[in-house]
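> dropping the sequence and predicted coords here.
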Amino acid sequence: MNVPSQPPASRVIELPDPLETWCGDSLPGVRLVCESWGERRGNGDNTILLFTGLSPSAHAASSEQDPSDGWWEAMVGPGKPIDTRRFHVLCFNSLGSCFGSTGPASPRPGGDEPWRLDFPELRVEDIAAATRAALDVMGIRQLHAIVGPSLGGMSALAFLLRYPGSARHLLSISSAERALPFAIAVRSLQREIVRSDPAWQGGHYDSDAQPASGMRLARKLGMISYRSPGEWTERFGRRKMAEPDPGFGPRYEIESYLAAQADRFVGGFDPNCYIYLSRAMDLFDVDDHVRDGQSPLQALAELESAAVVGVESDILFPLQQQRALADNLADVGVATRFHGLASIQGHDAFLVDDERFGPVIADYLAGI
């Protein structure tokens, strides 16, 4: 199956100059795909920039151009927590991803062959830099707010660290200043599983013959880490499938669920893009931005306010990381709210626990 192209509501932004990456490479011909909702006011002073997690496209919500549900449909739209009657919301498909933006799966400039593993090492800082350059093309200098869940929260921090004063407010959701060893270990194993699939062929697979087995197993491991043991117990218990496998295949409903989630993912996301973005999450660390011995978050001191939201059951970005980020922002003088939510739905709670996340997001944005 081919990787999906950008949605019909999207716009392509072509950067006028090569992107100078964090590691010193020069990346020519960068294109970023974005979608927007709501009406932009003037130079964008009502614009909210929404950074995505690892696997979503720019299609965060439905629109007249594309009425299909987006990955954050419950949060973005008229009268919703991110209210597009008031805000102009802009979401980019990240640099390095595979839904129209430049990444390992996109063709090299002047040719048809994809970059594959010749794509430069990707850092979260590069996602931020490409987004900043795209905003410049659009004539948006200062944002009203930046919202970032998961990898998107890291991208938001990188953006503000590299470009202080580029936004007035920050909403960080289920993210952190760096990955902890457990998260690194999980993602490292996911990448190894993909690379161990014979169909990966050192990154030189055909789009119609991707390492499906590796991606399927990596996704299963990911789903186990994205949710929580408490949720598995509540949703599935030890219930068996109606037709359990008589051998060593699935017998329990939880196994069937993981298989279905994995099957949905295979073919929908490019494997090389997956391993590049996964490693970028591991490599990010705000301490790489220390200047003159100050806290790296001193660069965020110009923010008027921030909110940091996490959940108690998140094992990838534990709640203590959210609390530490909030404390560190407060220490540099940012008026910061912290919300530790009691959701049992783990790291993915921001995508599914609308009853808890909706009011918190709506309340924060209503006050800025």
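Ah, there it is.
> for the most centrally placed residue in the chain, which non-adjacent residue is closest in space?
The chain has residue 53 as the residue nearest its centroid, 1.2 Å off, counting by CA atoms, centre = their mean. Spatial nearest neighbour of residue 53, chain neighbours left out: residue 150 (3.9 Å); criterion: CB to CB, 6 or more residues apart in numbering. Quick note: C-beta positions are derived from backbone N, CA and C, even for glycine.
> contact partners for the one you found?
Residue 150 makes contacts with 53, 54, 173, 174, 175, 317, 347, 350, as judged by CB atoms under 8 Å, 6 or more residues apart in numbering.
> next, find the distance separating it from residue 219.
For residue 150, the distance to residue 219 (CB to CB, to the nearest Å) stands at 15 Å.
> what ranges of the protein fall below the confidence cut-off?
Within the chain, the segments meeting pLDDT under 70 span 1-7.
> that older thread, among the contacts of residue 150, which are located in helices?
residue 350 (DSSP state H).
> mind listing which of the contacts of residue 150 are in strands?
residue 173 (DSSP state E).
> could you dump the contacts of residue 150 into JSON lines and include distance to residue 291?
Converted to JSON lines, those look like this (distance: CB to CB, whole Å):
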{"residue": "53", "distance to residue 291": "28"}
{"residue": "54", "distance to residue 291": "28"}
{"residue": "173", "distance to residue 291": "27"}
{"residue": "174", "distance to residue 291": "27"}
{"residue": "175", "distance to residue 291": "22"}
{"residue": "317", "distance to residue 291": "25"}
{"residue": "347", "distance to residue 291": "31"}
{"residue": "350", "distance to residue 291": "31"}
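> buried only: go through the contacts of residue 150 for me.
53, 54, 173, 174, 175, 317, 347, 350 (16 or more other CB atoms under 10 Å).
> quick check: of the residues you listed, which lies closest to residue 229?
Nearest to residue 229 among the buried ones among the contacts of residue 150 is residue 347, at 12.8 Å by CB to CB.
> can I assume the closest one is in contact with residue 312?
No - the pair residue 347 and residue 312 fails to qualify as a contact (CB atoms under 8 Å) at a distance of 11.4 Å.
> quick one: the strands in the stretch 51-200 of the chain?
76-77, 82-83, 88-92, 143-149, 167-173 (DSSP state E, counting those that start in this stretch).
> show me what counts as buried in stretch 254-271.
Those would be 254-258, 262, 265-271, for stretch 254-271 by 16+ other CB under 10 Å.
> now, those that are in helices?
Filtering the buried residues of stretch 254-271 for helices - DSSP H - leaves 254, 255, 256, 257, 258, 262, 265, 271.
> I figured the fifth one hits residue 225, correct?
No - with contact defined as CB under 8 Å, residue 258 does not count as touching residue 225 (11.7 Å).
> on that earlier part again, quick one: which of the strands of the stretch 51-200 of the chain is nearest residue 188?
strand 143-149 (22.0 Å).
> got the angle for the closest one vs strand 88-92?
50 degrees (axes from the mean of the first three to the mean of the last three CA atoms, to 10 degrees).
> so what does strand 143-149 touch, helix or strand wise?
In terms of contacts (3 or more CB pairs under 8 Å, 6 or more residues apart in numbering; DSSP states H and E), strand 143-149 is packed against strand 47-50, helix 151-162, strand 167-173.
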